[in-house]
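**Q** Fold the stuff below for me.
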Amino acid sequence: MTPDNIFKLVFFLILFTVFIIAFYNAIKNYKKFTCPKCGHKQNKSKEANIDKYKYIDHGRKTISGSLDKRFNTTFTTNKVIHYQVECEACGHSYEYTYDKMQEIIDNDPVIKQLDQELADINKSYEPKLRAMKKRDPAMFKKMQKLGLIDKDFK
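**A** Numbers count the residues shown, from 1 in each chain. Next up, the predicted model:
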C-alpha cells in the first residue's frame, strides 16, 4: 500500500467514526417529551410501568381456551409504556403514555377518513337533537346520562 492509500483509508475511517458519533448523539438527544405547561422539550423520564397486551392476528382459540392449530394462529404483542416525567424547565410533573398500536391507528388514512365521515354524520344530526331538547327535555337528559349525547352539547 502506498502512503496515499493509507492516508485515504485513515481519513475515511475518521470520517465514518465522526458520522457514527454524530448519529448516536442525534438519537440520544431526541426530544420526545413536551411539557404541557411550558412547552419545554426533553428526553429525561422515569419508566413508571409497562403493560403488554397480546392480540390474535390470525387464527382462533378453542372453547377450552387453547390455540386451534388448524388455523395457524399468530399473535401481535402491543406494549403500552407509561412514563413519569418531570419538566427540567418549570418542574411540572406529568405522565406520558406511549401506545404503539394507538400510534398506528392514529396514522391510518382510512380510519382518518372514516372519522371525518362520522363527524359529518354527527353534525347533520345537531338540528334534530336541538329540536328534541326543546320538545322532550327528559328524553334528552336521559340520552345524555347514557352517553349517547355529549354532556356539553349546546
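**Q** How is this structure partitioned into domains?
**A** 29-107, 108-154 (automatic domain parsing).
**Q** Mean pLDDT lowest where, among the ones you listed?
**A** Here these differ in mean pLDDT, and the lowest is domain 29-107 at a mean of 74.
**Q** ranges for the strands of the chain?
**A** Along the chain, the stretches classed as strands by DSSP state E are 33-34, 41-42, 46-58, 74-86, 93-99.
**Q** List the neighbouring strands of the last one plus their orientation.
**A** Strand 93-99 has the following strand partners under DSSP bridges: strand 74-86 (antiparallel).
**Q** what do you get for the first one?
**A** In the sheet containing strand 33-34, the strands it pairs with under DSSP bridges are strand 41-42 (antiparallel).
**Q** distance of residue 99 from residue 118?
**A** Note on residue 99: its distance to residue 118, by C-beta to C-beta, to the nearest Å, is 21 Å. Every C-beta, even on glycine, is put in place using the N, C-alpha and C of the backbone.
**Q** Quick one: residues contacting residue 140.
**A** Neighbouring residues of residue 140 by C-beta atoms under 8 Å, 6 or more residues apart in numbering: 129, 132, 133, 149.
**Q** Reformat the strands of the chain as a markdown table; add mean neighbour count and distance to residue 108.
**A** Output for these, formatted as a markdown table (neighbours: other C-beta atoms under 10 Å; distance: least, C-beta to C-beta, whole Å):
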| stretch | mean neighbour count | distance to residue 108 |
| --- | --- | --- |
| strand 33-34 | 16 | 23 |
| strand 41-42 | 14 | 26 |
| strand 46-58 | 10 | 16 |
| strand 74-86 | 14 | 15 |
| strand 93-99 | 13 | 14 |
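**Q** Please name whichever of those strands is nearest to residue 6.
**A** strand 41-42 (44.3 Å; C-beta to C-beta).
**Q** Name the residues that touch the closest one?
**A** Strand 41-42 is contacted by residues 31, 33, 34, 35, 85, 87, 88 when judged by C-beta under 8 Å, 6+ apart.
**Q** returning to that earlier point: dump the domains of the chain to JSON lines, plus distance to residue 4.
**A** Shown next, in JSON lines, are the domains of the chain (distance: least, C-beta to C-beta, whole Å):
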{"stretch": "domain 29-107", "distance to residue 4": "37"}
{"stretch": "domain 108-154", "distance to residue 4": "54"}
